[in-house]
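S.K.: Have a look at this fold, sequence not included:
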């Protein structure tokens with residue numbers, strides 16, 4: 001089967017963010033036991049018509065609408081930058097321009 005536009009977007013996002021299928025599936029809340037299977041099925045085109053709820057979960061990740069995750073990402077980068085420059089994390093200021 002040919003992948004859908006959504007499947008292609010998921011794969012591009014994953015690769016750009018260094019995520020495995022399992023990482024993306026967990027972040028999106030797809031499948032409790034095997035989240036990578038849901039992502040694989042979408043990326044390969046095995047799943048052509050995901051449910052509206054699945055699409056909503058995926059869009060939340062792709063569109064960065066999950067409010068808790070960006071904050072966790074920022075804290076991770078703050079710690080990484082602080083370690084790189086050997087300063088306290090509270091001395092690192094991150095500005096995001098859109």
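M.R.: Received, thanks. Being a predicted model, the structure only gives us computed values, none of them experimental.

S.K.: Mind jotting down where the strands sit in the protein?
M.R.: For the chain, no strands are identified by DSSP state E.

S.K.: Could you list the domains of it?
M.R.: As assigned by automatic domain parsing, the chain contains the domains 1-65, 67-98.

S.K.: ranking those by mean pLDDT, which is last?
M.R.: Of all the domains of the chain, the minimum mean pLDDT falls on domain 67-98 (a mean of 71).

S.K.: thinking again about what came up before, compile the domains of the chain into a markdown table and extend it with columns for mean neighbour count.
M.R.: The C-beta positions use only the backbone N, C-alpha and C, and glycine is treated the same way. Shown next, in a markdown table, are these (neighbours: other Cβ atoms under 10 Å):
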| stretch | mean neighbour count |
| --- | --- |
| domain 1-65 | 16 |
| domain 67-98 | 10 |
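
S.K.: residue contacts, residue 32?
M.R.: For residue 32, the contact set (Cβ atoms under 8 Å, 6 or more residues apart in numbering) is empty.

S.K.: Show the backbone phi and psi for it.
M.R.: When read as degrees, to the nearest 10, the backbone of residue 32 gives phi -80, psi -40.

S.K.: Same check on residue 31?
M.R.: Dihedral pair for residue 31: phi 60, psi 130, per degrees, to the nearest 10.

S.K.: For it, which non-adjacent residue is closest in space?
M.R.: residue 38 (4.6 Å; Cβ to Cβ, 6 or more residues apart in numbering).

S.K.: I figured residue 1 hits residue 43, correct?
M.R.: No - in terms of Cβ atoms under 8 Å, residue 1 does not count as a neighbour of residue 43; the distance is 10.8 Å.

S.K.: which residues in the chain form helices?
M.R.: Under the criterion DSSP state H, helices of the chain are mapped to 5-16, 21-28, 35-44, 52-62, 68-85.

S.K.: Same list, those, but as a markdown table with distance to residue 93 please.
M.R.: Output for these, formatted as a markdown table (distance: least, Cβ to Cβ, whole Å):
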| stretch | distance to residue 93 |
| --- | --- |
| helix 5-16 | 25 |
| helix 21-28 | 26 |
| helix 35-44 | 34 |
| helix 52-62 | 26 |
| helix 68-85 | 9 |
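
S.K.: Good, we can wrap up now.
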